[in-house]
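Novice: My questions concern the predicted model and sequence given below.
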Amino acid sequence: MNKIITLLSVLTFGFCFGQDKIITKQGQVTFFSYTSVENIEAQNNQVFSIIDLNNNEIAIQMLMRAFIFKKALMEEHFNESYIESDLYPKARFKGEVLDLDLITDTTETRSIKGELQIREIKKEVAIKTQITKVNGSYNLSGEFEVNIKDFEIKVPPLLKPNIAENIKISFNFEYQPYEEEQ
Amino acid sequence: MKKRVKILFISVLILLGSIGYLCFHLYTKPASQIVTSGADIHVTSENMVSSFALDEGEANSIYLERTVEVEGVVKEITFKNERYTIFLQGQNDFSSVICDIHPSRVEGIKDLKQGERVILKGVCKGYLMDVIMLNCVLLN
């Protein structure tokens, strides 16, 4: 009997421990700039994110140079003039998914609150996200807007009609249980 | 005199046309093209990940935006967001070289097996928990 209890404890503890954190290395973030002159869209398919299920803390990190554009010139302007990827190669987000632990098996809407950091400038944001529970892990998706002035992104007067002041950001993260190295 | 004006007019027209064509070509030039040139650096995936884990700044100065031929063991192949990605084994189980395969060069990718040794060429974009390479093509 004692052996069975011990075995059950180990299995339960092991399961909980294994489910502590969920990660993705292939999160997708897309940004859209819509103006009457031109539409600009770029995708980053290698966004890293981790969620600690003990306290619902979420961290996201991505390389600005890993955005894929349709046109080379847009990519060059984005990295060299607007984001200055040499100086600020990564964007980061750190925050909390509110009430993540109360999600049932259906898709539900929750808020993520935290600090978005682009070009080393930090800004508090609240983002609505659709969360789906899949096999004990979660998928998060949603969209929000970022004002380029908030992150001191300077657009030359000549190109102002081409770049929207509010950039739409959409995201899709499919997390997997994080297996820590033994 | 008339002839000289005509020649001048035609020359200006050709010049303006060339500038226009050049601008149009630059504006519409597609991004993420396949790297046709030879690689700047040859490295194994284990050594590449080690370099970044040890000193990211130093590794960036060697690899960032360079064309790299990376050799390693296939850890995982994924198909997400309509793109194939190959994870090459790093120096530990957690970190890899993530190679985003150029959409026009996916032939042969599906047939690769876990554990197979491959050589991929692509452009290094930096390091998060893994080294990230875009526009990758399979060389062997």
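Specialist: Cool, the structure landed.
Novice: Buried residues in stretch B:100-118, which are they?
Specialist: By neighbour count on 16 or more other CB atoms under 10 Å in any protein chain shown, the buried set for stretch B:100-118 is B:Asp100, B:Ile101, B:His102, B:Ile109, B:Val118. From N, CA and C alone the C-beta is placed, and that goes for glycine too.
Novice: Surely the fourth one is in contact with B:Ile77?
Specialist: The one in question is B:Ile109. Yes. The criterion here is CB atoms under 8 Å, and B:Ile109 meets it with B:Ile77 at 6.8 Å.
Novice: Report the set of residues contacting both of those two.
Specialist: B:Tyr84, B:Ile86 (CB atoms under 8 Å, 6 or more residues apart in numbering or on different chains).
Novice: of the buried residues of stretch B:100-118, closest to B:Thr36?
Specialist: B:His102 (11.3 Å; CB to CB).
Novice: Ramachandran coordinates for that closest one?
Specialist: Dihedral angles of B:His102 (phi, psi; degrees, to the nearest 10) stand at phi -60, psi 130.
Novice: contacting residues for the spatially most central residue of chain A?
Specialist: Geometric centre of chain A, nearest residue: A:Ile60, 4.9 Å, by CA atoms, centre = their mean. Shown in contact with A:Ile60 (CB under 8 Å, 6+ apart): A:Gly27, A:Val47, A:Phe48, A:Ser49, A:Arg92, A:Phe93, A:Lys94, A:Phe173.
Novice: which stretch of helix or strand covers the last one?
Specialist: Translated: A:Phe173. Using DSSP states H and E, the element containing A:Phe173 is strand A:166-174.
Novice: Neighbouring strands of that strand in the sheet, and parallel or not?
Specialist: Its sheet considered, strand A:166-174 pairs with strand A:21-34 (antiparallel), strand A:137-147 (antiparallel) by DSSP bridges.
Novice: what's the offset of it from the middle of its chain?
Specialist: Distance, stretch centre to chain centre, for strand A:166-174: 8 Å (CA atoms, centre = their mean, to the nearest Å).
Novice: List the buried residues of stretch A:167-180.
Specialist: In stretch A:167-180, counting by 16+ other CB under 10 Å, buried: A:Ile167, A:Ile169, A:Phe171, A:Asn172, A:Phe173, A:Glu174, A:Tyr175, A:Tyr178.
Novice: Would you map the helices across chain B?
Specialist: Secondary structure of chain B (DSSP state H): helices at B:2-28, B:45-54, B:56-63.
Novice: ugh, typo on my part, it should be chain A
Specialist: In chain A, the segments counted as helices under DSSP H are A:2-18, A:72-77.
Novice: Of those helices, which shows the lowest average pLDDT?
Specialist: If these are sorted by mean pLDDT, helix A:2-18 sits at the bottom with a mean of 41.
Novice: where are the low-confidence patches of chain B?
Specialist: By pLDDT under 70, the low-scoring segments of chain B are B:1, B:23-35.
Novice: do that again at 80, thanks
Specialist: Chain B contains residues with pLDDT under 80 at B:1, B:17-37.
Novice: which strand in it runs the most residues?
Specialist: If you go by DSSP state E, chain B has its longest strand at strand B:67-80.
Novice: just to revisit the earlier point, please identify the deepest-packed of the strands paired with strand A:166-174.
Specialist: Ranked by mean neighbour count, those are led by strand A:21-34 with a mean of 20 (mean count of other CB atoms under 10 Å in any protein chain shown).
Novice: Let's test this: mean pLDDT of that one, rounded?
Specialist: 96.
Novice: Any idea how far that strand is from the middle of the chain?
Specialist: The chain centroid and the centroid of strand A:21-34 are separated by 5 Å under CA atoms, centre = their mean.
Novice: What of stretch A:96-116?
Specialist: On CA atoms, centre = their mean, the centre of stretch A:96-116 falls 13 Å from the chain's centre.
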